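*Asks:* Next come a sequence and a model predicted from it.
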Amino acid sequence: MHQKLAADLRAAMESRTVIDLAAGIIMGQNRCSQAEAMAILTKASSGRNLKLRDVADKLVASFAPGAPSTHFDD
């Protein structure tokens with residue numbers, strides 16, 4: 001039971017980190033507030049029918065060298 005709880009907490013922290021990183025990227029690209037960046041991420045998540053953490057993960061991964069940038073305000 002304690003191992004599952006620890007694993008769940010670790011996964012939640014990792015998800016939160018990637019979401020915060022993605023929000024930071026959006027804030028830098030769009031010069032917007034954190035609330036506005038989260039709204040953009042949430043809209044992208046809903047519009048693509050993907051979990052928020054998956055959208056965030058794809059955005060962060062797109063900033064690897066040589067990867068194209070992704071914009072979510074379409």
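*Replies:* Now that the structure is in, tell me what you want to look at.

*Asks:* Which helix or strand contains the residue positioned nearest the centre of the chain?
*Replies:* Nearest to the geometric centre of the chain sits residue 56, at 2.1 Å (CA atoms, centre = their mean). Assigned by DSSP states H and E, residue 56 belongs to helix 52-61.

*Asks:* Equivalent analysis for residue 35, please.
*Replies:* With DSSP H and E as the test, residue 35 turns up in helix 34-48.

*Asks:* For that helix, buried residues please.
*Replies:* 37, 38, 40, 41, 44, 45 (16 or more other CB atoms under 10 Å). In short, each C-beta sits where N, CA and C put it, glycine included.

*Asks:* now the angle from it to helix 52-61?
*Replies:* 110 degrees (axes from the mean of the first three to the mean of the last three CA atoms, to 10 degrees).

*Asks:* elements contacting helix 34-48?
*Replies:* Judged by 3 or more CB pairs under 8 Å, 6 or more residues apart in numbering; DSSP states H and E, helix 34-48 is in contact with helix 2-30, helix 52-61.

*Asks:* looking at those helices, which is buried most?
*Replies:* Stretch with highest mean neighbour count among the helices and strands packed on helix 34-48: helix 52-61 (a mean of 19; mean count of other CB atoms under 10 Å).

*Asks:* about what we covered before: would you mind giving the buried residues of helix 34-48 as TSV with pLDDT added?
*Replies:* Shown next, in TSV, are the buried residues of helix 34-48 (pLDDT from 0 to 100):
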residue	pLDDT
37	97
38	96
40	96
41	96
44	95
45	95
